[in-house]
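Enquirer: predicted model and sequence follow; I will ask about them next.
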Amino acid sequence: MGKQARAISEVSLKELVKDLTKAYCDEWLAYYLYWYMAQIVSGRAYEDMKEFLEKIAKDELEHATELADLIIKLGGMPVANPMELEKNANAPYSLPPKNTADLNRIIRIVTDAEATAIEVYNKIAKKTLGKDNVTYQLVTHILSEEVDHEEMFENLLER
């Protein structure tokens, strides 16, 4: 982040980088979980579920990329060691169901993960509102996508 941007930011950069790093780790864990479940899903309508999971996995990877870029601009460094992702995340890694045809369990896992992401981004948005417009815009963009993901999977569960 340049001098002028730092000068107008009213948020502690150290605290903000810590929050963004935790969110970055969450995104990597979500990406891997969704990608993995897309590979193993079976049973009725598994092709549709596979497609949904692959699409959302790509979104989560995009979020991790956007967060990494911002973390670096703020003077931080994203977590390099994949073994450190869970330790530095907001929430532990959710294990996929043993029964790969249990679509309702897959949906619950994804909706729980998305609900956690919504809480995380909402807190960062509140913290940066009117204080750091660049970060605020990015996290509200990601927040919007996480809300869409949660709603999409909640609608599947209702069927």
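Expert: Yep, that arrived. Numbers count the residues shown, from 1 in each chain.

Enquirer: ok, and the closest non-adjacent residue to the residue nearest the centre of the chain?
Expert: Nearest to the geometric centre of the chain sits residue 27, at 3.5 Å (C-alpha atoms, centre = their mean). Residue nearest to residue 27 in three dimensions, not counting chain neighbours: residue 64, with 3.9 Å by C-beta to C-beta, 6 or more residues apart in numbering. For the C-beta atoms, the positions are set from N, CA and C on the backbone; glycine is no exception.

Enquirer: what of residue 91?
Expert: The spatial neighbour of residue 91 that comes closest, neighbours along the chain excluded (C-beta to C-beta, 6+ apart), is residue 116 at 4.9 Å.

Enquirer: in the strand or helix carrying the residue nearest to residue 27, what's buried?
Expert: Using DSSP states H and E, residue 64 sits in helix 46-73. Neighbour-count burial for helix 46-73, with 16 or more other C-beta atoms under 10 Å as criterion, is recorded at 46, 49-50, 52-53, 56-57, 59-61, 63-64, 66-68, 70-71.

Enquirer: what's the next secondary structure element after that helix?
Expert: Downstream of helix 46-73, the next assigned helix or strand under DSSP H and E is helix 85-88.

Enquirer: and that following helix, how far from the chain's centre?
Expert: 13 Å (C-alpha atoms, centre = their mean, to the nearest Å).

Enquirer: for stretch 137-146, same thing?
Expert: 10 Å.

Enquirer: same thing with stretch 31-41?
Expert: Remark: stretch 31-41 is offset 15 Å from the chain centroid, using C-alpha atoms, centre = their mean.

Enquirer: and what of stretch 123-136?
Expert: 17 Å.

Enquirer: and what of stretch 112-121?
Expert: 7 Å.

Enquirer: contacts for it next, please.
Expert: 19, 22-23, 26-27, 30, 33, 90-91, 94, 139-140, 142-143, 146-147, 149-150, 153 (C-beta atoms under 8 Å, 6 or more residues apart in numbering).

Enquirer: buried among these? Need that as a selection in PyMOL.
Expert: Selection of buried members from these for PyMOL, criterion 16+ other C-beta under 10 Å:
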select buried, resi 19+22+23+26+27+30+33+91+94+139+142+143+146+147+149+150+153
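
Enquirer: and residue 13, what pLDDT?
Expert: Looking at residue 13, its pLDDT is 89.
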